[in-house]
Every structure is written in structure tokens, then in C-alpha cells.
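**Student:** sequence plus predicted model, see below.
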Amino acid sequence: MFPSLKEMTQYSNILKFFFILLLMTNCTGCAVVAVADAAVTVVATSAKVVAKTVETAVDFVTPSSKKEN
């Protein structure tokens, strides 16, 4: 009627395995999101730096529209 101690231990080990597997899967998902977020941040920062560099170069090369007295 009731499971034996050996059967309960086997069920317990199986449940522990699936619980650990579930935790590992969630941690992996968090790591993937963190890496993707870091990659997007690097690309966005690089784009800002390139845009500022181009803006500065254009300002340096283009003559000012203000007249000097």
C-alpha cells in the first residue's frame, strides 16, 4: 500500500534531479539575457562614440557660418 523506503529514496532522487535541472535551465536563461544585454550596450556605446567622432570631424572641417569681426 505505501511505498517502501527504497522507492521513496528513488523518487526523491528523481525529484532532486529535475529540480536541479530546472534551476540550471533558469540560470542559463538569465546568463543568456545578461550576455545579450551586455552586447547591445557595447554596440550602442560604440555607435555613440562613432557618431560623436564624426560630428566633431564635420564641425572641424566645415567652416563656421558665424562671421568674425
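**Tutor:** That came through fine.
**Student:** now name the helix or strand holding V33.
**Tutor:** Using DSSP states H and E, V33 sits within helix 5-61.
**Student:** gap between that helix and the chain center?
**Tutor:** Mean-position distance between helix 5-61 and its chain equals 3 Å (C-alpha atoms, centre = their mean, to the nearest Å).
**Student:** pLDDT on that helix, on average?
**Tutor:** When pLDDT is averaged along helix 5-61, the result is 82.
**Student:** roughly how far apart are the residue most central in space within the chain and V40?
**Tutor:** For the chain, the residue nearest the mean C-alpha position is A34 (2.2 Å; C-alpha atoms, centre = their mean). Going from A34 to V40 by C-beta to C-beta, to the nearest Å gives 11 Å. In this view, the C-beta of every residue, glycine as well, is placed from N, C-alpha and C.
**Student:** phi, psi for T62 please.
**Tutor:** Dihedral pair for T62: phi -80, psi 130, per degrees, to the nearest 10.
**Student:** what does stretch 26-35 contact?
**Tutor:** Contacts to stretch 26-35, defined as C-beta atoms under 8 Å, 6 or more residues apart in numbering, come from no residue at all.
**Student:** adjust the sequence numbering to begin at 817 for everything that follows.
**Tutor:** Taking 817 as the first residue, the last one we looked at is stretch 842-851.
**Student:** OK, contacts around A867?
**Tutor:** Applying C-beta under 8 Å, 6+ apart, no residues qualify as near A867.
**Student:** thank you kindly, that will do.
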